[in-house]
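> What follows is a protein structure lacking sequence information:
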């Protein structure tokens, strides 16, 4: 069974640009969550999608958005990039993530550098 | 508010020595607790989790953790460290929100294993 895949793996952008990151969950998984990992703030929850609906959102500005498609693939978008958006963006999938007990499977991440 | 505290950003042990990584949590509801490991340039991998039942939880790679409600702790241990255990370890608690669960992560502990 293929794991969670994220594309691209590495990305360099300049301030003010926008970026779209993609995540393909494990086959059969319907929940996709996104996290931002930085040395300063650690791992922070961005949002979670289930069956094309955003169920939860973390404490991030509106520049951060996402969506999920009918095949459960998910994208996140960051508009008007700032230097502080440089981070490792991790995607995790699980079958449901409705009881808090299911295992989340993480992808390798997309490393974004904003210059 | 839920929070997770990992004591010690770095823990150094000799190969063959006991590994002890500390995690304390604060939660207003019964917590679900997780330990993850992250190797360089990779995503997170679940080591073990506590949901309900037995308070001593065994995970992969010889790790185990004990849920102590009275101490609000979930420390991770391994009897004998191996060089391959060198990595970043994250403790997390998930709590219910909006029909799903939001994980809160500790800041991580870097485990250094000396030969």
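Okay, I see it. This one's a predicted model, so the numbers in the text were calculated from it and none came from an experiment.
> Give me the buried positions along stretch B:68-78.
Counting neighbours by 16 or more other C-beta atoms under 10 Å in any protein chain shown, one finds that the buried residues in stretch B:68-78 are B:73-76, B:78. Any C-beta I mention is one placed from the backbone N, CA and C, and that applies to glycine too.
> quick one: least confident helix or strand in chain A?
Using mean pLDDT, DSSP states H and E, the weakest-scoring helix or strand in chain A turns out to be strand A:53-57, at a mean of 91.
> now do chain B
Least confident helix or strand of chain B, by mean pLDDT, DSSP H and E, is strand B:100-105 with a mean of 83.
> Can you tell me what sits against it?
Contact with strand B:100-105 is made by A:31, A:42-45, A:48, A:50, A:55-56, A:58, A:97-100, A:104, B:2-4, B:32, B:34, B:36, B:90-95, as judged by C-beta atoms under 8 Å, 6 or more residues apart in numbering or on different chains.
> Among these, which lie within helices?
Judged by DSSP state H, those include no members of helices.
> surely residue B:81 meets residue B:18?
Yes - counting by C-beta atoms under 8 Å, residue B:81 does reach residue B:18; the two are 7.4 Å apart.
> Between those two, which has more neighbouring residues?
Each of residue B:81 and residue B:18 has its neighbours counted (other C-beta atoms under 10 Å in any protein chain shown); residue B:81 has more, 22 against 11.
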